[in-house]
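Peer 1: The sequence and its predicted three-dimensional model are supplied below.
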Amino acid sequence: MERYWNQEIETMSREDMKKLQDERIVEQVKHVYENVEYYRNLMDEKGVKPEDIKSTDDLHKLPFLTKSDLRDAYPYGLLAKPLSECVRIQSTSGTTGKRVVAFYTQNDIDLWEDCCARAITAAGGTNEDVCQVCYGYGLFTGGPGLNGGSHKVGCLTLPMSSGNTERQITFMRDLGATILCCTPSYAAYIGETLHDMGYTTDDIKLKAGIFGAEPWTEEMRRSIEKSLGIKAYDIYGLTETSGPGVSFECSEQTGMHINEDHFIPEIINPETGEVLPEGEVGELVFTSITKEAFPLLRYRTRDLCVLSRKKCSCGRTLIKMSKPMGRSDDMLIIRGVNVFPSQIETVLIEQGYSPNYLIEVDRVNNTDTLDISVEMNPTQADSAGEDIQMYEKTLALAIKTMLGINPKVHLVSPKSITRSEGKAVRVIDRRKLHD
Ligand code: ADP
Ligand code: ZN
């Protein structure tokens, strides 16, 4: 039976949800206009007044906010509450540049943790569970968010943070962890370590994993599910909108339900800013309608995905977003072809390789080069040189079929590629150094 954390909200009719959103957006726009000079200026420039926003139908009239606005306004320019009412600061991981800081009132923290509690409950979590949180703790939102959600659900919480992987396994076994929360790349590493230590899935009690904070493929999901003997659920969020828990997967595992009572999603054409109809791929934009301290309106996430209102078998009526295939700025343009690292991951796992790889892009004599290093399987490790060349060729061909361009594949020794304990770094683009 499907369990909900907040059944009323999670299964609310579309009409009631829209009504709730309409009320909240009107209040939120007023709050922001009155308290955030930076956004007030953007609205004034566009000639929009708070009175023009009467419902979510008027959302498109509001100006966008981008990461560069957040950097310009660093640190206090988008704060909508006095610092005396704020109780917490978190920060982005800085994957794509200068860090951004976000502020929270106690109420903001409560709502955020509540969103994470919905995710844990959707993954089957109850107060009978032992929840091992190995997202990083500290400024990164992963650890604190899931930690708070786990407390709300009443799980026995193991605040491990990331790293010290053998100790993670020892605690997982000794304390009977049933739910694991971390990045998918770290989950893969934990699975690998479990087996390296001579254990099998029979030696642990894990049943579910809640993995997010970075892009991961369906192939990666199946590989983690097998190695840890669990069902792996996706969770999405970003510091700018509070952290993980903006959306979460249910038992159907065909996209993540967005907590629409707090966040209104839109999909736009990243080039023109035009709002796209449901079902089209574009950039995800969020308007937070309940946040007090750091209430971003129409924030451009740069994440590319699709929204769907198709009926979900879990009973939730919350709109779903597809797994983001990567950020618009993760996309590599190699010899004029658009390449997402996730496409390469798909091929590698399909071809029976582990998700440990490194993509290196450079420009030599005005031509882009694409080098992919992958660990060979233990069974291949003793092969003769010509066999290895043949494996490399076969893999290069499979990748070429997917991408349309020819990579150079290097099979390297098992365990020679650095494992990730947080967000994996899998791409090195050296072309940027020459520019
Ligand atoms: P940074 O921008 O420095 O990485 P965050 O730690 O706030 O800062 O990361 C948020 C970003 O992480 C999202 O915008 C998205 O690109 C990525 N992300 C988070 N969860 C997922 C997920 N489940 N699938 C794919 N990408 C994700
Ligand atoms: Zn569902």
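Peer 2: Looks like it arrived, so ask away. Residues are numbered from 1 along each chain as shown. Ligands and ions are numbered 1, 2, ... in the order given.
Peer 1: contacts, neighbours, all on C-alpha from now
Peer 2: OK.
Peer 1: Return the residues of the protein in contact with ligand 1.
Peer 2: Within the chain, the positions adjacent to ligand 1 are 92-96, 212-215, 234-239, 301, 303, 323-324, 327 by C-alpha under 6 Å from any ligand atom.
Peer 1: now do 8 Å
Peer 2: Within the chain, the residues that sit near ligand 1 (C-alpha under 8 Å from any ligand atom) are 91-97, 99-100, 140-142, 211-216, 234-240, 243-244, 301-303, 323-327, 423.
Peer 1: Narrow the residues you listed to those that are buried.
Peer 2: 91-93, 99-100, 140-142, 211-216, 234-240, 243-244, 301-303, 323-327, 423 (16 or more other C-alpha atoms under 10 Å).
Peer 1: Please flag which of those sit within strands.
Peer 2: Of those, the ones assigned to strands by DSSP state E are 91, 211-212, 234-238, 243-244, 301-303.
Peer 1: now for those, which pair is the farthest apart?
Peer 2: S91 and D234 (21.4 Å; C-alpha to C-alpha).
Peer 1: those helices in the stretch 301-435 of the chain, which residues are they?
Peer 2: 341-350, 385-403, 431-434 (DSSP state H, counting those that start in this stretch).
Peer 1: will you turn the ones you listed into TSV that also has mean pLDDT, distance to Q132 and mean neighbour count?
Peer 2: Listed next are the helices of the stretch 301-435 of the chain as TSV, based on pLDDT from 0 to 100; distance: least, C-alpha to C-alpha, whole Å; neighbours: other C-alpha atoms under 10 Å:
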stretch	mean pLDDT	distance to Q132	mean neighbour count
helix 341-350	95	26	19
helix 385-403	96	36	16
helix 431-434	77	39	10
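Peer 1: Any idea how many residues pack against the residue nearest to R426 when sequence neighbours are not counted?
Peer 2: Nearest residue to R426, sequence neighbours excluded (C-alpha to C-alpha, 6 or more residues apart in numbering): L358, at 4.8 Å. Per other C-alpha atoms under 10 Å, the neighbour tally for L358 reads 20.
Peer 1: so what's L358 up against?
Peer 2: Contact partners of L358, counting by C-alpha atoms under 8 Å, 6 or more residues apart in numbering, are 372-374, 417, 426-428.
Peer 1: do the same with R221
Peer 2: Contacts of R221 (C-alpha under 8 Å, 6+ apart): 184, 232.
Peer 1: Start at 510, not 1
Peer 2: Yes, from this point I'll number from 510; that puts the last item at R730.
Peer 1: Can stretch 763-779 be said to contact ligand 2?
Peer 2: No: counting by C-alpha under 5 Å from the ion, ligand 2 is not contacted by stretch 763-779; separation bottoms out at 6.5 Å.
Peer 1: In that stretch, which residues are buried?
Peer 2: Within stretch 763-779, the residues scored as buried using 16+ other C-alpha under 10 Å are 764-777, 779.
Peer 1: What separation is there between the closest residue in space to F849 that isn't next to it in sequence and ligand 1?
Peer 2: Leaving aside its sequence neighbours, F849 sits nearest to M840 (C-alpha to C-alpha, 6+ apart; 5.0 Å). According to C-alpha to the nearest ligand atom, to the nearest Å, M840 and ligand 1 sit 11 Å apart.
Peer 1: ok, M840 touching V846?
Peer 2: No: M840 is beyond contact range of V846, at 9.9 Å (criterion: C-alpha atoms under 8 Å).
Peer 1: The two - which one has more neighbours?
Peer 2: The residue with more neighbours, out of M840 and V846, is M840; 15 against 12, by other C-alpha under 10 Å.
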